[in-house]
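*Asks:* no FASTA, just this:
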């Protein structure tokens, strides 16, 4: 079961169908390439994020502030009236192709996709 599930995931991610394509997973990120910064990088740093390399990205592992620390963060987001935010911009990146791709994406997400510049967002 596990082997067939992994095989299906790899096939879907185009790794088997196109062996020349590469994807950076946590264990395979190149130490020679600069880390990619997510759109929330500056905010993470501003509020005390302890940034670490993960899958080619610079991501916070925890926050160094009076409200920081793994247990405090865990309890904070579960307390009444509190909320937490998780930066998922490094996950699930997809390249859409086709002349109607912006119009299609604007139907399935909230945002001005057509207004984004090339390589942004």
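*Replies:* Looks like it came in fine. As the structure is a computational prediction, the values presented were derived from the model and not from experiment.
*Asks:* Would you quantify the distance from residue 58 to residue 39?
*Replies:* 12 Å (Cβ to Cβ, to the nearest Å). Yep, even glycine has a C-beta here, placed from its N, CA and C like the rest.
*Asks:* between these two, which one's more packed in?
*Replies:* Ranked by neighbour count (other Cβ atoms under 10 Å), residue 58 and residue 39 place residue 58 first, with 18 against 10.
*Asks:* Hmm, the more buried one is touching residue 45, no?
*Replies:* No - counting by Cβ atoms under 8 Å, residue 58 sits too far from residue 45 to count as a contact (9.2 Å).
*Asks:* overlap in contacts of the two?
*Replies:* residue 51 (Cβ atoms under 8 Å, 6 or more residues apart in numbering).
*Asks:* can you list the weak-confidence ranges in this protein?
*Replies:* Counting by pLDDT under 70, the chain shows low-confidence ranges at 1-31, 121.
*Asks:* residue closest to the middle of this protein?
*Replies:* residue 90 (1.7 Å; Cα atoms, centre = their mean).
*Asks:* I'd guessed that one sits against residue 55; true?
*Replies:* Yes - the pair residue 90 / residue 55 is scored as a contact, 6.5 Å apart, by Cβ under 8 Å.
*Asks:* And residue 49, its phi and psi?
*Replies:* Phi and psi for residue 49, reported as degrees, to the nearest 10, are phi -60, psi 130.
*Asks:* Verify the stated contact: it with residue 73.
*Replies:* No - with contacts counted by Cβ under 8 Å, residue 49 stays clear of residue 73, the gap being 11.0 Å.
*Asks:* quick one on the thing from earlier: contacts only, for the residue nearest to the centre of the chain.
*Replies:* 36, 38, 54, 55, 57, 59 are the contacts of residue 90 under Cβ under 8 Å, 6+ apart.
*Asks:* Nice, that's everything, thank you.
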